[in-house]
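Chemist: sequence unknown, structure follows:
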Ligand code: NAP
């Protein structure tokens, strides 16, 4: 990457903690590949200061901002405009500074997941989905999968009440159980189970050869769930694919051009190997 100058356009990722964020790796790789004089830096922003960061974005003229925990809800309230899906989710992971100086917030997580399936020729339209988890990521997926036209979306979660609340986000969504995992076309892990461990988010005996198993966890790249899916003859989709695709959509919103997903993927794989071996 060439050294920034006075003409360099700045983007930011905010979070707390933020040092682990892969957003600078994803976006700076794409900026460099496109020979675009833009850079992304990570800013540690204290909990409760998300709105101040949106003000700073306007003041400093940051072209785009990626938003991670714990600021997604505060930022949704602080931007000038929010897209309807992000309003329903009360969560924004992307802010765009428009030419007129106003800010627009949206969430690319759900569409990023759908994009990671479509990239592999997997169309969720008409599919029966079993979704493990009912947290922020799961909620974004429920909204996007509902819009993508899935036939059935069974939410299997540790806390039943959270599953019930999340099921209100899409007409096809409902509270599910382990039978739904067995009968699903696509099983999705949207819990943190398996992150940095070899734990499984469901009984591997429920997985079968005609299924697709997607794991949102991307560390390790090959999770225990993906290994179990392979052992069962199922097809696996790792969490890096969603991470890359949600960043592709962010990048497109900021620059108006679609970056090369492979450039982002390779840079991020390299960074994960550098960190974790
Ligand atoms: P979150 O809001 O904290 O939600 C976590 C969900 O997992 C909740 O439904 C929770 O159940 C459940 N859960 C947590 N620990 C569990 C356990 N030990 N056993 C069973 N269920 C458990 O987290 P999130 O933001 O949705 O993130 C979930 C995972 O997705 C994380 O690993 C995150 O890194 C990953 N993620 C990946 C991407 C990507 O691009 N690949 C994007 C976003 C998130 P309760 O309702 O009972 O608490």
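Modeler: Thanks, I have the structure now. Note that this is a predicted model, so its numbers are computed, not measured. Numbers count the residues shown, from 1 in each chain.
Chemist: Might one say that residue 58 is in contact with residue 100?
Modeler: No: counting by Cβ atoms under 8 Å, residue 58 stays clear of residue 100, with 10.8 Å between them. All C-beta spots, glycine's among them, are computed from the backbone N, C-alpha and C.
Chemist: neighbour-wise, which of these two wins?
Modeler: The residue with more neighbours, out of residue 58 and residue 100, is residue 58; 15 against 6, by other Cβ atoms under 10 Å.
Chemist: which SS class is the more buried one?
Modeler: Under DSSP: H, G, I helix; E, B strand; the rest coil, residue 58 falls in the helix class.
Chemist: Quick one: residues contacting it.
Modeler: Residue 58 makes contact with 97, 101, 103 under the criterion Cβ atoms under 8 Å, 6 or more residues apart in numbering.
Chemist: what number of residues lie near residue 263?
Modeler: Applying other Cβ under 10 Å, we find 17 residues neighbouring residue 263.
Chemist: ok, which residues in the protein are in contact with the ligand?
Modeler: 109, 133-138, 157-159, 162, 190-193, 195, 216-218, 239, 242-243, 246 (Cβ under 6 Å from any ligand atom).
Chemist: so what's the closest residue to residue 61 other than its chain neighbours bridging to?
Modeler: In space, and not counting its chain neighbours, residue 61 is closest to residue 97: 6.8 Å by Cβ to Cβ, 6 or more residues apart in numbering. In this entry, residue 97 is beta-bridged to residue 103, by DSSP bridges.
Chemist: Contacts only, for residue 97.
Modeler: Neighbours of residue 97 in contact, by Cβ under 8 Å, 6+ apart: 57, 58, 61, 62, 63, 64, 65, 103.
Chemist: And for residue 185?
Modeler: Contact analysis of residue 185 by Cβ under 8 Å, 6+ apart lists 127, 128, 129, 210, 211, 212.
Chemist: Can you verify residue 13 is assigned to a strand?
Modeler: Yes: Residue 13 sits within a strand when classified using three-state DSSP.
Chemist: Just give me the neighbour total for it.
Modeler: Neighbour count of residue 13, defined by other Cβ under 10 Å: 23.
Chemist: again, but for residue 173
Modeler: Neighbour tally, residue 173, other Cβ under 10 Å: 25.
Chemist: what's the helix or strand for residue 95?
Modeler: strand 94-97 (DSSP states H and E).
Chemist: Let me see the contact set for residue 181.
Modeler: Contact analysis of residue 181 by Cβ under 8 Å, 6+ apart lists 130, 132, 156, 187, 202, 203, 206, 207.
Chemist: is the third one in a bridge, and if so with what?
Modeler: Beta-bridge pairing of residue 156, defined through DSSP bridges, involves residue 132.
Chemist: what's the spacing between it and residue 3?
Modeler: Distance, residue 156 to residue 3, by Cβ to Cβ, to the nearest Å: 50 Å.
Chemist: Same drill for the two, tell me which one is more crowded.
Modeler: The neighbour comparison of residue 156 against residue 3 (other Cβ under 10 Å) goes to residue 156, with 24 against 6.
Chemist: Just the helices from this structure, written as ranges.
Modeler: Listed in chain order, the helices found in the chain under DSSP state H are 23-33, 50-60, 72-78, 84-89, 109-118, 136-147, 160-166, 178-183, 224-231, 239-255, 261-276.
Chemist: Need these in TSV (columns: mean pLDDT).
Modeler: Shown next, in TSV, are the helices of the chain (pLDDT from 0 to 100):
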stretch	mean pLDDT
helix 23-33	97
helix 50-60	97
helix 72-78	96
helix 84-89	90
helix 109-118	96
helix 136-147	95
helix 160-166	96
helix 178-183	97
helix 224-231	98
helix 239-255	97
helix 261-276	94
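Chemist: Next, format those helices as TSV and append distance to residue 7.
Modeler: Shown next, in TSV, are the helices of the chain (distance: least, Cβ to Cβ, whole Å):
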stretch	distance to residue 7
helix 23-33	14
helix 50-60	15
helix 72-78	27
helix 84-89	31
helix 109-118	30
helix 136-147	35
helix 160-166	45
helix 178-183	53
helix 224-231	44
helix 239-255	15
helix 261-276	23
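Chemist: List phi and psi for the closest residue to the ligand within the stretch 1-150 of the chain.
Modeler: Residue of the stretch 1-150 of the chain nearest the ligand, by Cβ to the nearest ligand atom: residue 135 (1.8 Å). The phi/psi pair for residue 135 (degrees, to the nearest 10) reads phi -90, psi -160.
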